[in-house]
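Colleague: How does the following fold in three dimensions:
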Amino acid sequence: QVQLVESGGGLVQPGGSLRLSCAASGNIFSINVMAWYRQAPGNERELVAEMTSGGTTTYADSVKGRFSISRDNARNSMFLHMNSLKPEDTAIYYCNADQVAYSDDYGHRDYQYDCWGQGTQVTVSS
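Modeller: Numbers count the residues shown, from 1 in each chain. Predicted structure coming up:
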(Lines give C-alpha, C1' and ligand atoms only; values in the text may rest on other atoms or scores of the structure.)
Protein backbone atom coordinates (compact mmCIF):
# COMPACT_ATOMS: atom_id res chain seq x y z
CA GLN A 1 0.00 0.00 0.00
CA VAL A 2 1.05 3.57 -0.68
CA GLN A 3 1.11 6.16 2.08
CA LEU A 4 1.64 9.90 1.90
CA VAL A 5 3.00 12.00 4.76
CA GLU A 6 3.10 15.80 4.75
CA SER A 7 5.35 17.98 6.88
CA GLY A 8 6.46 21.58 7.16
CA GLY A 9 3.29 23.35 8.21
CA GLY A 10 3.16 25.87 11.00
CA LEU A 11 2.44 29.43 12.03
CA VAL A 12 3.93 32.23 9.94
CA GLN A 13 3.41 35.98 9.76
CA PRO A 14 1.89 37.60 6.66
CA GLY A 15 4.54 38.05 4.01
CA GLY A 16 6.53 35.10 5.33
CA SER A 17 7.50 31.82 3.71
CA LEU A 18 7.08 28.13 4.36
CA ARG A 19 8.09 24.96 2.57
CA LEU A 20 5.82 21.94 2.69
CA SER A 21 7.06 18.43 1.97
CA CYS A 22 5.24 15.27 0.98
CA ALA A 23 6.87 11.86 1.05
CA ALA A 24 5.28 8.83 -0.56
CA SER A 25 6.21 5.44 0.88
CA GLY A 26 5.70 1.90 -0.38
CA ASN A 27 7.21 -0.16 -3.16
CA ILE A 28 6.62 2.60 -5.69
CA PHE A 29 7.73 2.50 -9.30
CA SER A 30 6.27 5.78 -10.47
CA ILE A 31 3.71 8.46 -9.70
CA ASN A 32 1.90 10.19 -12.54
CA VAL A 33 0.50 13.33 -10.91
CA MET A 34 1.27 14.80 -7.50
CA ALA A 35 -0.66 17.74 -6.19
CA TRP A 36 -1.27 20.00 -3.22
CA TYR A 37 -4.79 20.77 -2.12
CA ARG A 38 -5.99 22.91 0.76
CA GLN A 39 -9.13 23.27 2.80
CA ALA A 40 -9.98 26.23 4.97
CA PRO A 41 -12.75 26.05 7.61
CA GLY A 42 -16.15 26.25 5.96
CA ASN A 43 -14.69 25.90 2.48
CA GLU A 44 -14.41 23.04 0.04
CA ARG A 45 -11.07 21.44 -0.64
CA GLU A 46 -9.38 23.20 -3.54
CA LEU A 47 -6.44 22.51 -5.81
CA VAL A 48 -3.40 24.64 -5.03
CA ALA A 49 -0.84 23.23 -7.46
CA GLU A 50 -0.05 20.02 -9.30
CA MET A 51 2.85 18.59 -11.23
CA THR A 52 2.96 15.66 -13.63
CA SER A 53 5.85 13.23 -13.78
CA GLY A 54 6.97 15.05 -16.91
CA GLY A 55 7.16 18.37 -15.12
CA THR A 56 4.00 20.10 -16.31
CA THR A 57 2.62 22.35 -13.61
CA THR A 58 -0.75 23.91 -12.85
CA TYR A 59 -1.44 26.55 -10.22
CA ALA A 60 -4.56 28.06 -8.74
CA ASP A 61 -4.87 31.71 -9.76
CA SER A 62 -4.75 32.75 -6.11
CA VAL A 63 -1.20 31.41 -5.65
CA LYS A 64 0.40 32.10 -9.03
CA GLY A 65 3.66 33.96 -8.64
CA ARG A 66 3.85 33.20 -4.90
CA PHE A 67 3.90 29.39 -4.67
CA SER A 68 6.15 26.95 -6.47
CA ILE A 69 5.69 23.19 -6.70
CA SER A 70 8.55 20.78 -7.25
CA ARG A 71 9.15 17.03 -7.20
CA ASP A 72 11.97 14.63 -6.58
CA ASN A 73 10.82 11.63 -8.61
CA ALA A 74 13.73 9.47 -7.49
CA ARG A 75 12.62 9.88 -3.86
CA ASN A 76 8.86 9.98 -4.56
CA SER A 77 8.70 13.36 -2.88
CA MET A 78 7.01 16.65 -3.58
CA PHE A 79 7.45 20.15 -2.19
CA LEU A 80 5.50 23.37 -2.07
CA HIS A 81 7.48 26.55 -1.65
CA MET A 82 5.15 29.24 -0.38
CA ASN A 83 6.22 32.88 -0.40
CA SER A 84 4.44 36.15 0.37
CA LEU A 85 1.93 34.27 2.47
CA LYS A 86 -1.42 35.89 3.18
CA PRO A 87 -3.97 35.23 5.94
CA GLU A 88 -6.26 33.76 3.29
CA ASP A 89 -3.68 31.03 2.68
CA THR A 90 -4.54 29.65 6.12
CA ALA A 91 -5.79 26.10 5.66
CA ILE A 92 -4.97 22.45 6.05
CA TYR A 93 -2.76 21.48 3.13
CA TYR A 94 -3.06 17.97 1.72
CA CYS A 95 -0.77 15.98 -0.51
CA ASN A 96 -2.36 13.95 -3.30
CA ALA A 97 -0.85 11.35 -5.61
CA ASP A 98 -2.68 9.85 -8.55
CA GLN A 99 -1.92 6.78 -10.64
CA VAL A 100 0.78 5.38 -8.41
CA ALA A 101 2.47 2.28 -9.81
CA TYR A 102 3.62 0.01 -7.00
CA SER A 103 4.43 -3.57 -6.10
CA ASP A 104 2.48 -5.30 -3.35
CA ASP A 105 3.93 -7.66 -0.75
CA TYR A 106 3.61 -10.58 -3.19
CA GLY A 107 5.48 -8.82 -5.96
CA HIS A 108 2.37 -8.10 -8.00
CA ARG A 109 2.37 -4.79 -9.78
CA ASP A 110 -0.70 -2.65 -9.45
CA TYR A 111 -1.89 0.95 -9.47
CA GLN A 112 -3.31 3.04 -6.65
CA TYR A 113 -5.36 6.07 -7.51
CA ASP A 114 -6.23 9.29 -5.68
CA CYS A 115 -4.07 8.80 -2.59
CA TRP A 116 -4.22 11.38 0.19
CA GLY A 117 -2.03 12.37 3.09
CA GLN A 118 -3.34 13.33 6.52
CA GLY A 119 -2.76 17.05 6.00
CA THR A 120 -0.60 19.71 7.62
CA GLN A 121 -1.89 22.94 9.10
CA VAL A 122 -0.67 26.26 7.73
CA THR A 123 -1.67 29.36 9.67
CA VAL A 124 -0.80 32.84 8.44
CA SER A 125 -1.37 35.39 11.17
CA SER A 126 0.33 38.28 12.93
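
Colleague: Would you map the strands across the protein?
Modeller: Under the criterion DSSP state E, the chain contains strands at 3-7, 10-12, 18-25, 28-39, 46-52, 57-59, 67-72, 77-82, 91-103, 109-112, 115-116, 120-124.

Colleague: among those, which is the most enclosed?
Modeller: Sort those by mean neighbour count, taking mean count of other Cβ atoms under 10 Å, and strand 77-82 sits at the top with a mean of 21. Yep, even glycine has a C-beta here, placed from its N, CA and C like the rest.

Colleague: strand partners of that one, parallel vs antiparallel please.
Modeller: Strand pairing for strand 77-82, using DSSP bridges, gives strand 18-25 (antiparallel), strand 67-72 (antiparallel).

Colleague: Just the pLDDT at D104, thanks.
Modeller: At D104, the pLDDT value in this model is 86.

Colleague: tell me the pLDDT at the nearest residue to it once chain neighbours are set aside?
Modeller: Counting by Cβ to Cβ, 6 or more residues apart in numbering, D104 lies nearest to D110, which is 6.1 Å off, once chain neighbours are set aside. Per-residue confidence (pLDDT) for D110: 92.

Colleague: what's the weakest-modelled helix or strand in the chain?
Modeller: strand 109-112 (a mean of 92; mean pLDDT, DSSP states H and E).

Colleague: now that one: how far from the chain's centre is it?
Modeller: On the basis of Cα atoms, centre = their mean, to the nearest Å, strand 109-112 sits 20 Å off its chain's mean C-alpha point.
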